[in-house]
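Q: The amino acid sequence is not available; the structure is as follows:
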Ligand code: PMV
């Protein structure tokens, strides 16, 4: 990249279809990218700099700048100014920090080498940012975003690397994402669960283990293009997340609303706690989106697996 040239990179948001939280303890998860995400633009300059969006202030601004610095160093300090545009609601369990990390990683690597980086290279740089944002994340968010494909993900305790398998799907699977409202940070919810789990490790391990089995079965459901099976697994996963203390009245109300609209299955996605996003698999997700929007709900649809005819 030279002179006035600019580089653009996209980081999709993500949903965890099955296996959030268990994935932090080394059990499998199944995740997929969203069609919405974060776009980074980089233009040649004297030194690397991030233009922080107006809406990002205070601690969040400091964290974003520190994360960007970590990525800049890891990418060889290419002299570019980077700006961001996001279509993702932040802090809703939809992987907005991972999408920022992946979009930044893509433009920094491309600026440094002059060629399009591989998904693996992007994931490596994005991980430097995610660790600043979240401390000790499982890595499922940025890996899904960097590969831009449904994945089966597992990072065993103390393993350097995760086992990551892209999952093909013969059918188009479309989700409805319903935003339930503000929620605590992922860090807080993960820490509160860790305290409960440390007190009663065996009982919590039994639930994580079952959630991991659901994620393994979900991989087969996606490979077979079977929304009925995937939906049933999602319903069961939601019940287990509730058993772990990760749901709330507002989340459960949204799950039941979506099931009453004919969903194959519905569950909270991401850290949960109280609020965030609920996902549901439908035969015709767009028809349900139109109905719910008329009633004032905030929701959108996204293809999450199957042949990509990008919207
Ligand atoms: O809510 P999010 O998008 O931050 O997702 C969190 C997923 C967890 O499994 C709860 C944490 C992790 O690091 O995987």
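A: Right, received. Where do you want to start? Predicted, not measured: the structure shown is a model, and the values here were computed from it.
Q: Make sure residue 287 is indeed in a helix.
A: Yes: using DSSP: H, G, I helix; E, B strand; the rest coil, the assignment for residue 287 is a helix.
Q: From the ligand, how far off is it?
A: The gap separating residue 287 from the ligand is 27 Å, by Cβ to the nearest ligand atom, to the nearest Å. To be clear about C-beta, it is placed using only N, CA and C from the backbone, and glycine gets the same treatment.
Q: per-residue confidence for residue 26?
A: Looking at residue 26, its pLDDT stands at 97.
Q: And for it, the neighbour number?
A: The number of residues packed near residue 26 is 16, by other Cβ atoms under 10 Å.
Q: Give me the next element, helix or strand, following the helix or strand that residue 128 is a member of.
A: Using DSSP states H and E, residue 128 sits within helix 119-134. For helix 119-134, the following helix or strand on the C-terminal side (DSSP H and E) is helix 140-147.
Q: okay, the angle between the helix holding residue 128 and helix 140-147?
A: For helix 119-134 against helix 140-147, the angle by axes from the mean of the first three to the mean of the last three Cα atoms, to 10 degrees is 150 degrees.
Q: what's helix 119-134 packed up against?
A: With contacts taken as 3 or more Cβ pairs under 8 Å, 6 or more residues apart in numbering; DSSP states H and E, helix 119-134 sits against helix 58-74, helix 96-113, helix 140-147.
Q: Does the first one reach the ligand?
A: No: Helix 58-74 stays clear of the ligand (Cβ under 6 Å from any ligand atom), getting no nearer than 13.8 Å.
Q: List the contacts of that helix.
A: 48, 50, 52, 56, 78, 82, 97, 100-101, 104-105, 108, 124-126, 128-133 (Cβ atoms under 8 Å, 6 or more residues apart in numbering).
Q: doesn't residue 273 make contact with residue 188?
A: Yes: assessed by Cβ atoms under 8 Å, residue 188 is found in contact with residue 273 at 7.3 Å.
Q: Next one: the nearest residue to residue 265 once chain neighbours are set aside from residue 161, what distance?
A: Using Cβ to Cβ, 6 or more residues apart in numbering and skipping residues adjacent in sequence, the residue nearest residue 265 is residue 231, 2.8 Å away. Applying Cβ to Cβ, to the nearest Å, the value for residue 231 to residue 161 is 32 Å.
Q: So for those two, which sits in the more crowded spot?
A: residue 231 (21 against 8).
Q: Between residue 188 and residue 273, which is the more surrounded one?
A: Using other Cβ under 10 Å, the more surrounded residue of residue 188 and residue 273 is residue 273, with 23 against 12.
Q: if I pick that one, what's in contact with it?
A: 183, 184, 188, 189, 192, 246, 248.
Q: In strands, which of those residues fall?
A: Counting by DSSP state E, none of the members of those fall within strands.
Q: Which two of the residues you listed have the greatest separation?
A: Across the contacts of residue 273, the longest distance by Cβ to Cβ is 13.7 Å; it joins 188 and 248.
Q: can you give me the helices in the protein?
A: Using DSSP state H, the helices of the chain run over 58-74, 96-113, 119-134, 140-147, 186-199, 201-223, 227-243, 249-260, 285-294.
Q: For the ligand, give me its nearest residue in this protein.
A: Nearest residue of the chain to the ligand: residue 270, at 2.6 Å (Cβ to the nearest ligand atom).
Q: pretty sure that residue contacts residue 16?
A: Yes: with contact defined as Cβ under 8 Å, residue 270 reaches residue 16; the gap is 6.1 Å.
Q: Report the set of residues contacting both of the two.
A: Counting by Cβ under 8 Å, 6+ apart, the shared contacts of residue 270 and residue 16 are residue 93.
Q: of those two, who's got more company?
A: Taking neighbours as other Cβ under 10 Å, residue 270 and residue 16 compare with residue 16 leading, 28 against 24.
Q: nearest residue to the more buried one other than its sequence neighbours?
A: In space, residue 16 is closest to residue 31, 4.8 Å off (Cβ to Cβ, 6+ apart).
Q: residue contacts, that neighbour?
A: When contacts are counted by Cβ under 8 Å, 6+ apart, residue 31 touches 14, 15, 16, 17, 19, 140, 141, 143, 144, 150, 151, 153.
Q: and the ligand, which of those contact it?
A: Residues shared between these and the neighbourhood of the ligand are 16, 140, 141 [Cβ under 6 Å from any ligand atom].
Q: For these, give me a markdown table that also has pLDDT and distance to residue 90.
A: Output for the ones next to the ligand among the contacts of residue 31, formatted as a markdown table (pLDDT from 0 to 100; distance: Cβ to Cβ, whole Å):
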| residue | pLDDT | distance to residue 90 |
| --- | --- | --- |
| 16 | 98 | 17 |
| 140 | 96 | 18 |
| 141 | 96 | 13 |
